[in-house]
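In: heads up, no residue letters with this:
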């Protein structure tokens with residue numbers, strides 16, 4: 001994987017924590033920083049596909065705990081009857 005060099009300003013306290021973590025883990029400070037950049041990039045990524053692509057019909061109200069329990073039981077029973085996983 002090719003890398004590109006960049007410069008950033010960091011808080012001295014954060015750099016001290018990074019230095020300690022790198023020493024403790026036996027990796028370079030740069031590796032800790034690269035991992036942090038990757039986590040920040042992934043946390044702010046805009047995904048092409050929505051997380052939920054299916055829609056469900058319903059009454060428009062929040063079901064009660066009993067209704068949710070009954071729906072789960074019905075699904076498990078149906079799956080057991082057909083031999084498929086719920």
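Out: Nice, thanks for sending it over. The model shown is predicted, which means the values in this text are computed figures rather than measured ones. Residues are numbered from 1 along each chain as shown.
In: ok now stretch 43-50, how far from the chain's centre?
Out: For stretch 43-50, the separation from the chain centroid amounts to 11 Å (computed by Cα atoms, centre = their mean, to the nearest Å).
In: average model confidence for that stretch?
Out: Across stretch 43-50, the average pLDDT comes to 82.
In: you'd agree residue 71 is up against residue 64?
Out: No. Taking Cβ atoms under 8 Å as the definition, residue 71 is not a contact partner of residue 64, at 10.6 Å. The C-beta positions use only the backbone N, C-alpha and C, and glycine is treated the same way.
In: quick one, longest helix in this structure?
Out: Longest helix in the chain, counting residues (DSSP state H): helix 65-82.
In: and that one, how far out from the chain's middle?
Out: Distance of helix 65-82 from the chain centroid (Cα atoms, centre = their mean) equals 28 Å.
In: now do stretch 32-43
Out: Distance of stretch 32-43 from its chain centroid, counting by Cα atoms, centre = their mean, is 13 Å.
In: give me the buried positions along it.
Out: Buried positions in stretch 32-43, judged by neighbour count with 16 or more other Cβ atoms under 10 Å: 32-33.
In: for that stretch, which outside residues touch it?
Out: Stretch 32-43 is contacted by residues 18, 21-22, 25 when judged by Cβ atoms under 8 Å, 6 or more residues apart in numbering.
In: narrow those to those in helices?
Out: Per DSSP H, the contacts of stretch 32-43 map to helices at 18, 21-22, 25.
In: between which two of those is the distance greatest?
Out: The distance between the two most remote of the ones in helices among the contacts of stretch 32-43 (Cβ to Cβ) is 10.5 Å, for 18 and 25.
In: okay, those two: which has more neighbours?
Out: residue 18 (17 against 10; other Cβ atoms under 10 Å).
In: would you confirm that the more buried one contacts residue 29?
Out: Yes. At 5.3 Å, residue 18 and residue 29 qualify as touching, with contact defined as Cβ under 8 Å.
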